[in-house]
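> Sharing a model that was predicted from the sequence below.
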Amino acid sequence: MKVTAEKIEGSKVVLTIEAPASVVDEALDKAYKSVVKRVNVPGFRRGKAPRFILERHIGKDALYEEAMKEVLPEQYEKAVEETKIEPVSEPEFDEVNFKQGEPLKIKATVYVRPEVKLDDYEELSVPYEVQAVTDEDVDQQISFLRERMASLSPLPEDQALEKGDFATCHVRGIEGGAFKPEVDQELSYVEAGGQYGFVPGLTEALVGMKKGETKEFPATYPPAKEGGEPRTAMYSVEVKECYRKNTPSDEELVKNLGKENLDEVKEDIRKRLTAMREDLARRVHSQKVEEAVLTKGSVEIPHVMIERREEELLRRFAERLQEANTNLDAYLSSTGKTVEDLRKDIHEEAEKDVRRDLILDAIADKENVEVPEEAVNEVMEAFARQMGRDTDTIRTTLQMRGALDSIVSDLRRLEVLKKLAVKAAEKAGTPLPLEVKKTEEVEQVDKDTAQEAQPAEEAKGVAEDAAAQETQVAPPEKDENPLG
C-alpha cells in the first residue's frame with residue numbers, strides 16, 4: 001500500500017492511496033459471497049448462483065458498488081493511520097480506480113485538525129476577586145430568616161390593614177373607566193402596600209380597609225396605541241380576611257435554628273456566605289481566563305468543525321425546549337424564525353467554542369497535560385448516579401459510542417484551564433485559594449450530560465443548603481450580584 005498526504009489549502013488534505021490488485025479481487029469475491037446469499041436468482045438455490053450469473057442478473061456495477069462500500073472506508077482508515085493525520089470531516093472520494101486485475105487507486109479529500117499558533121499564554125494575568133462579607137450582609141440574611149420564619153395571625157375585625165399586613169380578597173372589574181376589566185377573582189394573602197402586580201393599585205387600596213369592607217379604586221394602564229393617553233379602569237375589592245405577620249424574636253430565631261445564641265447564627269451565616277462567594281469568584285475567574293485564552297492563539301478553523309458545533313448547539317436547544325414541554329417546530333412558528341436563522345444566531349458561539357477547544361488542546365500538548373484517572377472515575381460515577389447504573393456499564397457504553405474520548409478531551413481542557421487560572425491569578429498578585437471543590441470538574445466536563453451549576457442557583461442554594469443544616473441563609477438581593 002502506497003499513501004501520500006498533500007495539504008492543498010487551509011486544513012484540507014488530499015490522500016492518494018494505491019493498493020495492489022489483490023485488494024480489488026478480494027473485495028469483489030467478498031461482495032459476491034455476501035450478495036449471492038441475499039438475492040434470488042432464477043434457476044438457482046439462494047447462495048448457489050455462480051458469480052458470472054449473479055453479475056448478469058444484478059449487473060456488474062451493482063456488485064462493484066457493493067465491494068467498494070467496504071473497501072473504500074477500509075483503505076481510507078489504513079491511510080489515515082499511516083499518515084497520522086487527524087481528520088475532522090468525512091472524506092470525499094474524488095477519484096476511484098476500482099477494476100478487477102488492476103491496482104486500486106483512490107484520491108480522497110478530507111479536512112484535518114488545523115494547526116494552532118500559540119501566543120504568550122504564559123503571560124496571562126487575571127485577578128481573582130472575592131466580594132467580602134460585611135456585617136450588613138449578615139444582618140440582611142438575618143432579616144431574611146425572620147421573614148422565612150414569620151407566621152400570620154388573623155386581625156380583629158375592627159382593626160384596619162396596615163402596610164405589610166395581608167388580606168384575602170375578592171376583586172372584580174366594574175364599569176366607570178375606559179373599559180370594563182374581565183376580572184372576577186378570589187385572591188389569597190395579598191400584601192397591603194406590597195408589589196403584587198395582578199391589578200394595578202390593588203395593594204395600595206387595601207391599606208386602611210377592614211374585614212367585610214368594599215372599596216372601588218382606579219387602575220392605570222398603558223395607552224392602547226403608541227402616543228396615546230394612559231387608560232384608567234375601575235375595580236371593586238372586598239376584604240374577606242385580614243392577617244398580620246409576626247416575625248420571631250432573637251431568642252425564638254436562635255431556638256428555631258438549634259443554636260446557642262445569635263452570634264453563633266451570624267458566624268454560621270458568615271461562613272456560608274464566604275464559601276459561596278469564594279466559589280462564585282473562582283467560577284467567574286475561570287470564565288475570564290477562558291475568555292482571555294481566546295486571544296492567545298491563532299488558527300484557521302475548517303467550516304465543518306463550526307458546522308458540527310452548530311448542530312450540537314441546536315440539538316441541545318431542542319432538548320431544552322422539550323424539557324419545557326414544547327419543541328423546535330413550535331418555537332420556530334411562534335418566533336417566525338427558520339432553522340437557518342437559528343444557525344446564524346449561534347454561529348458566533350459555535351466558532352468561539354471550537355477556537356477555545358483548539359487553543360486549549362494546543363496548550364495541553366505543549367505542556368504535556370495528562371488527565372488524572374481519578375477525574376475520569378469521578379465523571380463515570382456522576383453519570384452512574386444520574387442514570388441509576390453501575391460505573392463499569394457506563395464506561396463500557398461510552399466507549400462503544402465513542403464518547404469516552406470526548407469526555408477525556410473535555411477533562412484535559414479543564415486541567416489546562418485550572419493550571420492557567422492558577423498562574424493567571426498569581427501573575428495578577430491575587431493567588432487562588434488552595435481548596436478546590438472536586439465536583440467542579442464533574443459538573444463542567446460534559447455540558448450535554450452532566451448537570452452544570454448555575455451562578456444564580458448557587459446564590460439561591462445557600463439558603464437551601466443552610467436549611468438542611470438547620471441554619472438558613474438568604475440569596476443576595478438583586479443589587480448584590482456575586483458575578484459583578
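Received, thanks.

> What are the boundaries of the helices in the stretch 101-250 of the chain?
Taking DSSP state H, counting those that start in this stretch to define them, one finds helices in the stretch 101-250 of the chain at 135-148, 202-206, 250-257.

> Just the buried positions in stretch 355-368, please.
Neighbour counts over stretch 355-368 (16 or more other C-beta atoms under 10 Å) mark 355-356, 358-364 as buried. In this view, the C-beta of every residue, glycine as well, is placed from N, C-alpha and C.

> now do stretch 213-222
217, 219.

> Kindly report the same for stretch 9-23.
Of the residues in stretch 9-23, 11-15, 17-19, 23 count as buried by neighbour count, 16+ other C-beta under 10 Å.

> Just those: which are in strands?
Cross-referencing these against strands under DSSP state E gives 12-15, 17-19.

> can I get those residues in a markdown table with distance to Pro218 and pLDDT?
What follows is these, written out as a markdown table (distance: C-beta to C-beta, whole Å; pLDDT from 0 to 100):
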| residue | distance to Pro218 | pLDDT |
| --- | --- | --- |
| Lys12 | 71 | 94 |
| Val13 | 75 | 96 |
| Val14 | 78 | 96 |
| Leu15 | 79 | 96 |
| Ile17 | 83 | 96 |
| Glu18 | 89 | 96 |
| Ala19 | 88 | 95 |
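
> Check these and tell me the two furthest apart.
Maximum pairwise distance in those, criterion C-beta to C-beta, is 22.9 Å, between Lys12 and Ala19.

> just to revisit the earlier point, and the helices of the stretch 101-250 of the chain, which is most packed in?
Ranked by mean neighbour count, the helices of the stretch 101-250 of the chain are led by helix 202-206 with a mean of 21 (mean count of other C-beta atoms under 10 Å).

> For that one, which helices and strands make contact with it?
On a contact count with 3 or more C-beta pairs under 8 Å, 6 or more residues apart in numbering; DSSP states H and E, helix 202-206 meets strand 166-174, strand 184-191, strand 214-221, strand 231-246.

> out of the ones you listed, nearest to Arg385?
So among the helices and strands packed on helix 202-206, strand 184-191 is nearest, using C-beta to C-beta, at 38.8 Å.

> Show me what that closest one is packed up against.
So strand 184-191, by 3+ C-beta pairs under 8 Å, 6+ apart, packs with strand 166-174, helix 202-206.

> give me the low-pLDDT residue ranges for the stretch 351-484 of the chain?
435-484 (pLDDT under 70).

> Helices along that one, start to end?
373-387, 391-400, 404-427, 439-445, 455-468.

> Which among those is found nearest to Ala5?
Using C-beta to C-beta, the nearest of the helices of the stretch 351-484 of the chain to Ala5 is helix 404-427, at 22.4 Å.

> Mind listing what's buried along that closest one?
Buried residues in helix 404-427 (16+ other C-beta under 10 Å): 404, 407-418, 420-421, 423-425.

> so Asn246 makes contact with Ala150?
Yes: the criterion here is C-beta atoms under 8 Å, and Asn246 meets it with Ala150 at 6.1 Å.

> Which residues in stretch 84-91 does the neighbour count mark as buried?
85, 87-89, 91.

> Which single one of those residues is nearest to Tyr128?
Val88 (35.1 Å).

> Can you give me the separation between the closest one and Arg309?
11 Å (C-beta to C-beta, to the nearest Å).

> quick one: average pLDDT of the helix ranked longest in the chain?
Determined from DSSP state H, the single longest helix within the chain is helix 262-293. Average pLDDT, helix 262-293: 95.

> Now do the very next helix or strand once past it: distance to the chain's middle.
Using DSSP states H and E, the helix or strand that follows helix 262-293 towards the C-terminus is strand 297-298. In this view, strand 297-298 has its centroid 26 Å away from the chain centroid, taken as C-alpha atoms, centre = their mean, to the nearest Å.

> Is His347 in a helix, a strand, or coil?
Counting by DSSP: H, G, I helix; E, B strand; the rest coil, the backbone at His347 sits in helix.

> and it, what does it touch?
For His347, the contact set (C-beta atoms under 8 Å, 6 or more residues apart in numbering) comprises 306, 310.

> ok, now Lys288?
Val126.

> now swap in Asn256 and tell me
149, 248.

> for the one 10 residues further on, same thing?
Contacts for Lys266 (C-beta under 8 Å, 6+ apart) come out as 138, 142.

> okay, now the domains of the protein?
Domain assignment of the chain by automatic domain parsing yields the ranges 2-113, 152-246, 254-468.

> for those domains, which one sits closest to Gln131?
Going by C-beta to C-beta, the one of these nearest Gln131 is domain 254-468, 5.2 Å.

> and Val207, how far is that from Leu118?
66 Å.

> Could you do Asn327 as well?
From Asn327 to Leu118 the distance is 43 Å (C-beta to C-beta).

> neighbour count winner among the two?
Leu118 (15 against 12; other C-beta atoms under 10 Å).

> Stretch 79-89: how far from the chain's middle?
31 Å.

> check contacts around Ala108.
14-15, 17, 76, 79, 91-94.

> Tally up the residues packed near Arg51, please.
Count around Arg51 with other C-beta under 10 Å applied: 16.

> Quick check: it vs Lys33, distance?
Taking C-beta to C-beta, one finds Arg51 at 9 Å from Lys33.

> on that earlier part again, distance to Arg272 added to the helices of the stretch 351-484 of the chain, as JSON lines?
Below are those laid out as JSON lines (distance: least, C-beta to C-beta, whole Å):
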{"stretch": "helix 373-387", "distance to Arg272": "24"}
{"stretch": "helix 391-400", "distance to Arg272": "32"}
{"stretch": "helix 404-427", "distance to Arg272": "23"}
{"stretch": "helix 439-445", "distance to Arg272": "17"}
{"stretch": "helix 455-468", "distance to Arg272": "6"}
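
> Arg46: which of the ones you listed is closest?
Arg46 sits nearest to helix 391-400 of all the helices of the stretch 351-484 of the chain, at 33.0 Å, using C-beta to C-beta.

> Grab the CA positions of that closest one and hand them over as CSV.
The C-alpha trace of helix 391-400 is given here as CSV (Å, rounded to 0.1, in the frame of the first residue of the first chain):
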residue,chain,number,x,y,z
THR,A,391,-19.9,2.8,36.6
ASP,A,392,-18.5,-0.2,34.6
THR,A,393,-21.6,-0.3,32.5
ILE,A,394,-21.5,3.4,31.9
ARG,A,395,-17.8,3.3,30.9
THR,A,396,-18.3,0.4,28.5
THR,A,397,-21.4,2.1,26.9
LEU,A,398,-19.5,5.4,26.5
GLN,A,399,-16.5,3.6,24.9
MET,A,400,-18.8,1.7,22.5
